[in-house]
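Participant: with the sequence up front, the predicted model follows.
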Amino acid sequence: GLLMGVMLTRYPELFGAIVSQVPLLDMKRYHELLAGASWMAEYGDPRVPEEWAYIEPFSPYHNVHKGQKLPPTLFVTSTRDDRVHPGHARKMVARMREQGHDVRYYENIEGGHGGAADNEQLAFKWALVFEFLWRTLS
């Protein structure tokens with residue numbers, strides 16, 4: 001999810017569409033939600049100015065701006081994700097919509113970090129992704 005968020009905001013010209021699943025997107029506040037604090041050794045502490053200076057360039061939420069030419073984007077998340085809070089995707093979609101970007105959103109109410117609780121939900125999620133890509137890229 002974070003990788004595709006970075007691709008969206010740093011290299012949008014390279015993609016015809018972006019799908020970001022169960023994404024970590026707000027790197028300024030990631031440590032405040034769910035398991036986020038346990039990743040501080042990996043990503044750094046955004047409360048420390050020098051570390052935030054390193055983190056900010058790859059924080060998708062802080063690098064999406066009005067007027068950017070972004071590809072159509074689909075965010076897929078799960079209400080019950082116990083690793084990456086769905087608030088990351090919700091906030092990013094809200095910001096992108098405010099800025100007039102072409103963005104779609106799906107949140108499964110079950111499923112955890114995989115985004116689906118069973119094979120039926122998994123098949124539905126992948127059908128959404130492939131349908132989005134088919135319509136967007138063809």
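Facilitator: Done, it's in.

Participant: distance of the residue sitting nearest the centre point of the chain relative to residue 60?
Facilitator: Nearest to the mean C-alpha position of the chain, counting by Cα atoms, centre = their mean, stands residue 23 at 3.4 Å. Separation of residue 23 from residue 60 (Cβ to Cβ, to the nearest Å) stands at 8 Å. Placement of C-beta: from N, CA and C, glycine included.

Participant: and the lowest mean pLDDT element among the helices and strands of this protein?
Facilitator: In the chain, no helix or strand scores lower on mean pLDDT, DSSP states H and E than helix 40-43, which sits at a mean of 90.

Participant: okay, that one in CSV with CA atoms only?
Facilitator: C-alpha atoms of helix 40-43 as CSV (Å, rounded to 0.1, in the frame of the first residue of the first chain):
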residue,chain,number,x,y,z
MET,A,40,9.3,3.4,14.2
ALA,A,41,12.6,1.5,14.2
GLU,A,42,12.1,0.9,10.5
TYR,A,43,10.6,4.2,9.3
